[in-house]
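Q: Take this sequence and fold it.
(one chain, ligands or ions: 2)
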Amino acid sequence: MNLWNDILTTIGETKDRTTISLLKEIKKVELKDNTLYISTPDNVFKEWILSNFIEDIEKHASQLVGQKLNINVISEEEIRKNLNVEDNPTKIKQEEKPYRFYRLNPKFVFSNFIVGSCNKIAYSACKAVAENLGEIYNPLFIYGEVGLGKTHLLHATAHEVLSKNSNANVIYTTADTFMSELISCMRQGSILQFRQRYRDVDLLLIDDVQFLEGKERTQVEFYHIFNALHLIGKQIILSSDTSPSKLTGIQERLKTRFVCGLVTEVKPPDLETKLSIIRKKSKEIKLELPQDVMLFISKTVNTNVRELEGSLQKLKAYNQIMERPITLEVAREILKDILKIQNVEELSIQKIQKEVANYFAVNLNEMLGNSRRKKVSLARQIAMYLSRYLTDKSLAEISKAFKKKDHTTIINAIQKIEKTMERDRKLKLTVEFLRDKILTL
Ligand code: ADP
Ligand code: MG
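A: Ligands and ions are numbered 1, 2, ... in the order given. Predicted coordinates for the structure are as follows:
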């Protein structure tokens, strides 16, 4: 379809080549009644598009056609199953109680939330609250940067409460939706109904309260709803991108309310947690990743979990379409744009050489020389191998750093280490130990 090609050409100006070539693999695009239907090979591909390009697609498609278009992404899996939505455990309940449930993401549950030291308190607090609504930590205030799992935790708490009592009155909303609904109710003169909606709530979850900054009228309304619920021991959970004390343009009396229960932060995941997340998420999307690729991703994607997921989805899309396994080289190439954005601190070959020499207790100069002592040449080969796999340096650059005239020595060393690792468990463990150590430097 020409429209799709035009969209990709426009998007292509800001995206890297691999991304565009993956998007080009989408063959079925149809425009019907103001809606652009895009069908993807599978659900992972769909998620990847939804979380990364949907806004761009909508914007460019609407511009090209000259009217506002809706975008509907459907995966072939769904078409086969003859479903328009994914399996959704809350679907039945949604139909029964349209207002309360429709905003919960069925995938955001406790069982697939990875707990690490970065989010342990927030996670435990949510679990505890779900067990004892209104009895401890009220309100529970969770803050942290974007993409660190706040919304996931809020939804998980709601799911948990509902799974125990499907009649529980739970409202999840974001502060900006709260505001726009309030405004529209005020316009329609139905403010009383608005208030009523929040009157008998057992659990009220308000996401992204930073949106209330500077919104005086909404804050007043929210303050009253908050007090009414809090007074009768109903549970409130709030999330925000900064701590209550750093929220500006929020009335003091509201801030005092925010901090009267438990305030807890979700922090960016540490290397260990990132690895668990990658392990679990790649399994979920049936993406096989070698250990070195997992480490590479966890080391280089260093902002948030959403980006981590985005990287995995992109690798999966590549893997699926090109039918090629993901090796370190491939991963490096595909994730180039993400890594560029993040301005990863480069691991230097010198750092690797130093660590390896240290580990084998050999002299660094000797290791970089021509010594044929067994221990020294093993250390040298391992250092060459790790330089190739842990840095973005070319073979020529690595040769230079090891004072070699051409790169055959490097290639031989890499092959030798790879081969030996296959049969020599001890060596394999040594290399892995060094690799992990260097990566956490
Ligand atoms: P926030 O609301 O803090 O911006 P989200 O809750 O939307 O972040 O999380 C972004 C994505 O990362 C979601 O897909 C979520 O499932 C995932 N995610 C975040 N933290 C974790 C975690 N600890 N374990 C599993 N998935 C996570
Ligand atoms: Mg969120």
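Q: how about the strands of the stretch 251-400 of the chain, start to end?
A: Taking DSSP state E, counting those that start in this stretch, the strands of the stretch 251-400 of the chain run over residues 262-265.
Q: in it, what residue is nearest ligand 1?
A: residue 305 (3.4 Å; C-beta to the nearest ligand atom). To be clear about C-beta, it is placed using only N, CA and C from the backbone, and glycine gets the same treatment.
Q: Helix, strand or coil: sort out residue 67 for me.
A: Residue 67 falls in the coil class when you classify it by DSSP: H, G, I helix; E, B strand; the rest coil.
Q: Check the spacing between the residue of the stretch 251-400 of the chain closest to ligand 1 and residue 105 real quick.
A: Distance of residue 305 to residue 105, computed by C-beta to C-beta, to the nearest Å: 14 Å.
Q: Those two: which has the busier surroundings?
A: A side-by-side neighbour count of residue 305 and residue 105, using other C-beta atoms under 10 Å, places residue 305 first with 25 against 16.
Q: so the more buried one sits right up against residue 276, yeah?
A: No - using C-beta atoms under 8 Å, residue 305 and residue 276 do not qualify as a contacting pair, with a distance of 11.0 Å.
Q: and the residue in the stretch 201-350 of the chain positioned nearest to ligand 2, what does it touch?
A: When distances are taken as C-beta to the ion, the stretch 201-350 of the chain approaches ligand 2 most closely through residue 207, which lies 5.6 Å from it. With contact taken as C-beta atoms under 8 Å, 6 or more residues apart in numbering, residue 207 is in contact with 150, 151, 154, 172, 173, 174, 175, 238, 239.
Q: Can you tell me, leaving aside adjacent residues, what's nearest to the second one?
A: Sequence neighbours aside, residue 207 is the residue nearest to residue 151 in space, at 5.6 Å (criterion: C-beta to C-beta, 6 or more residues apart in numbering).
Q: How about the last one?
A: Closest residue to residue 239 apart from its sequence neighbours, by C-beta to C-beta, 6+ apart: residue 150 at 4.2 Å.
Q: any idea how far residue 245 lies from ligand 1?
A: With distances defined as C-beta to the nearest ligand atom, to the nearest Å, the gap from residue 245 to ligand 1 amounts to 19 Å.
Q: Dihedrals phi and psi, that residue?
A: Residue 245 has phi and psi values of phi -70, psi -20 when expressed as degrees, to the nearest 10.
Q: Can you check what pLDDT the model gives it?
A: Per-residue confidence for residue 245 comes out at a pLDDT of 93.
Q: So residue 253 sits against residue 223, correct?
A: Yes - Residue 253 lies in contact with residue 223 (C-beta under 8 Å); the separation is 6.6 Å.
Q: okay, these two: which has more neighbours?
A: Regarding residue 253 and residue 223, a neighbour count based on other C-beta under 10 Å identifies residue 223 as having more, with 15 against 12.
Q: so that one is in which element?
A: Assigned by DSSP states H and E, residue 223 belongs to helix 216-231.
Q: list the helices and strands that helix packs on?
A: helix 175-187, helix 191-197, strand 203-207, strand 235-240, helix 252-258 (3 or more C-beta pairs under 8 Å, 6 or more residues apart in numbering; DSSP states H and E).
Q: Of all those, which one is nearest residue 323?
A: Relative to residue 323, the nearest member of the helices and strands packed on helix 216-231 by C-beta to C-beta is strand 203-207, separated by 39.6 Å.
Q: Going by proximity to ligand 2, name the top residue of the stretch 151-300 of the chain.
A: Nearest residue of the stretch 151-300 of the chain to ligand 2, counting by C-beta to the ion: residue 151, 3.3 Å away.
Q: does that residue really touch residue 239, like I thought?
A: Yes - if you go by C-beta under 8 Å, residue 151 and residue 239 touch, sitting 7.0 Å apart.
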